[in-house]
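fold the following for me, if possible:
(one chain, ligands or ions: 1)
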Amino acid sequence: MDRVFANRVFAALPTTVFEVMSQLARETGAVNLGQGFPDDRGPEDVRAKAAEAVVSGWNQYPPMLGLPELRTAVAAHYAHHQGLDLVPEEVMITSGATEAIAGALFALIEPGDEVVLFEPMYDAYLPLVRRAGGVPRFVALEPPHWRLTEEALAKAFSPKTKVVLFNNPLNPSAVVFPKEDLELLARFCVKYDAVAVCDEVWEHVIFDGRRHRPLMAEEGMRERTVKIGSAGKIFSLTGWKVGFVCAAPDLLKVLAKAHQFLTFTTPPNLQVAVAYGLTKPDSYFAGMRADFAASRDRFASGLAELGFAVLPSHGTYFLNIDITPLGESDDVAFCKRLVSEHGVAAIPVSAFYAEGSLRHVVRFCFAKTNETLDRALERLAGLTR
Ligand code: GLN
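Numbering: from 1, shown residues only. Prediction:
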């Protein structure tokens, strides 16, 4: 059979590194610090709300754009936490942030349009951009600070730029971009008349008193930003796949056209529970951040004591190490050895680069119990001794 029954964008791809590493961890009994998900079961009251909604609630199709109570709760949540002036009509509920990103790209891009992407980038971005017919233009960010520069942006933007796909806080770098970087990016979006699709799923998972600043709040961005959030990350319930898209009415109308033919709706019981969760008091969010920051500190100091070169982590569930001082120059080979010989699964950061060009950084998920982190540290001790 000569005919190839596969789209070339997907056919050329390996299985996502997160699945590969979790599978390897299951097979070998390794401590899984690869794929980013917490050990914690998530807030019991939010889970109880979902259970109650399954048993006693309405489980038929909810409205396509989301339950009115959740759209209202999202707008109110962002007004309270980020000072945004969204109305519920500017919010659409999706089946996770990945669906929101796919829908936004499919809805906005015409074949040949250029899309600015920042490396390291989440592994779903590039295939989705390509499948939408977009032409990627990369901005490579450099460790340890991963900052945006005028020079790099000037090289990537052009009159053909239609969309900028921006992740802040950035997975896997664990940086929270400072205000100057957001202003700089906003200036480029306005100058080139581009829409910013902002993956802000880590907006609540930031540490050391930092505040999340949505790109949408920058000058000239209110009408040209698609802000994407995720209940999975806000409530440590990564399997729920409830996302939110916020955009000005004209833009949201365009995005809804793609959403209606991707998933159409999202389970109503989970939407009810998320609407409840978003109204939780500030102390819940502060407690969640403090717990993750304590895990980060425990793991980072454990690694540093063992002699690993730990890069700073300002947010997300992740921290990175530079493997150069270990005499290593291939993150993929290092991670394979780590899981098979030392029993710890991690993620090679080259997986977040189109050409795998950065090969000396390895990501660990620290959103785990102290026992899990300590077990991983014991096993990692073998590497530096
Ligand atoms: N967001 C998770 C991470 O970065 C992975 C999610 C997935 O496996 N698709 O680890």
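
what mean pLDDT does the helix or strand harbouring E378 get?
Using DSSP states H and E, E378 maps to helix 370-384. Throughout helix 370-384, pLDDT has a mean value of 94.

which parts of it are buried?
When neighbours are counted by 16 or more other C-beta atoms under 10 Å, the buried residues of helix 370-384 are found to be 372-373, 376-377, 379-380, 383. Every C-beta, even on glycine, is put in place using the N, C-alpha and C of the backbone.

please save the CA atoms from it in CSV.
Listed next in CSV are the C-alpha coordinates belonging to helix 370-384 (Å, rounded to 0.1, in the frame of the first residue of the first chain):
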residue,chain,number,x,y,z
ASN,A,370,8.2,14.8,51.3
GLU,A,371,8.5,11.0,51.3
THR,A,372,8.6,10.9,47.5
LEU,A,373,11.1,13.7,47.2
ASP,A,374,13.3,12.2,49.9
ARG,A,375,13.2,8.8,48.1
ALA,A,376,14.3,10.5,44.9
LEU,A,377,17.1,12.3,46.6
GLU,A,378,18.4,9.1,48.1
ARG,A,379,18.5,7.6,44.7
LEU,A,380,20.1,10.6,43.1
ALA,A,381,22.9,10.6,45.7
GLY,A,382,24.4,7.8,43.7
LEU,A,383,25.1,10.2,40.8
THR,A,384,27.4,12.7,42.4
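
and that helix, what does it pack against?
Helix 370-384 is packed against strand 31-32, helix 282-306, helix 331-342, strand 344-345, with contacts defined by 3 or more C-beta pairs under 8 Å, 6 or more residues apart in numbering; DSSP states H and E.

as CSV, these with mean pLDDT and mean neighbour count would be great.
Output for these, formatted as CSV (pLDDT from 0 to 100; neighbours: other C-beta atoms under 10 Å):
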stretch, mean pLDDT, mean neighbour count
strand 31-32, 96, 23
helix 282-306, 97, 16
helix 331-342, 94, 18
strand 344-345, 97, 25
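
for P143, which of these is the nearest?
helix 331-342 (12.1 Å; C-beta to C-beta).

packing partners for the closest one?
With contacts defined as 3+ C-beta pairs under 8 Å, 6+ apart, helix 331-342 has these neighbours: helix 17-28, strand 344-345, strand 347-348, strand 361-365, helix 370-384.

all strands of the stretch 151-300 of the chain, in order?
Counting by DSSP state E, counting those that start in this stretch, the stretch 151-300 of the chain has strands at residues 161-167, 195-199, 225-230, 243-246.

and A309, backbone torsions?
Backbone geometry at A309, expressed as degrees, to the nearest 10, gives phi -90, psi 100.

cool, and Y122?
In terms of degrees, to the nearest 10, the main-chain angles of Y122 are phi -60, psi 140.

give me the number of residues near it?
Using other C-beta atoms under 10 Å, Y122 has 21 neighbouring residues.

ok, now E183?
Neighbour count of E183, defined by other C-beta under 10 Å: 15.

shouldn't it be in contact with E218?
Yes - in this structure, E183 is within contact of E218 by C-beta atoms under 8 Å, at 6.0 Å.

who in the stretch 151-300 of the chain is up against the ligand?
N171 (C-beta under 6 Å from any ligand atom).

try it again with 8 Å
171-172, 201, 238 (C-beta under 8 Å from any ligand atom).

closest to the ligand among those?
The ligand lies nearest to N171 out of these, by C-beta to the nearest ligand atom, at 5.1 Å.

can you tell me the SS state at L319?
strand (DSSP: H, G, I helix; E, B strand; the rest coil).

coming back round to it: distance to the ligand for the buried residues of helix 370-384 - can I get that in CSV?
Shown next, in CSV, are the buried residues of helix 370-384 (distance: C-beta to the nearest ligand atom, whole Å):
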residue, distance to the ligand
T372, 16
L373, 16
A376, 16
L377, 20
R379, 20
L380, 19
L383, 22
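
spatially nearest residue to the most centrally placed residue in the chain (excluding sequence neighbours)?
The residue lying closest to the centre of the chain (C-alpha atoms, centre = their mean) is V201, at 5.2 Å. Once flanking residues are discounted, V201 sits nearest to S230: 4.0 Å by C-beta to C-beta, 6 or more residues apart in numbering.

which ones are touching the one you found?
Counting by C-beta atoms under 8 Å, 6 or more residues apart in numbering, S230 makes contact with 96-97, 201, 242-244.

so what's R298 up against?
Contact partners of R298, counting by C-beta under 8 Å, 6+ apart, are 366, 370, 373.

for I321, see how far away it is.
Distance from R298 to I321, counting by C-beta to C-beta, to the nearest Å: 15 Å.

and for F235?
Remark: distance between F235 and I321 (C-beta to C-beta) = 28 Å.

give me the phi and psi angles of the closest residue to R41 other than its chain neighbours.
Nearest residue to R41 in three dimensions, chain neighbours excluded: R47, at 7.3 Å (C-beta to C-beta, 6+ apart). Backbone geometry at R47, expressed as degrees, to the nearest 10, gives phi -70, psi -40.

what about R47, how many residues nearby?
Other residues close to R47 by other C-beta under 10 Å number 16.

can you check S173 too?
31.

what does A231 give?
30.

go ahead and confirm it touches G243.
Yes - at 7.3 Å, A231 counts as touching G243 under the criterion of C-beta under 8 Å.

tell me the contacts of the residue lying closest to P172 once chain neighbours are set aside?
Nearest non-adjacent residue to P172, counting by C-beta to C-beta, 6+ apart: R363, 4.3 Å away. Shown in contact with R363 (C-beta under 8 Å, 6+ apart): 172, 318-320, 346-349.

greatest separation within those: which pair is it?
Among these, L319 and P348 lie farthest apart (C-beta to C-beta), at 14.6 Å.

and the residue nearest to the centre of the chain, what's its pLDDT?
pLDDT at V201 comes out at 98.

just checking, it touches I228?
Yes - the criterion here is C-beta under 8 Å, and V201 meets it with I228 at 6.8 Å.
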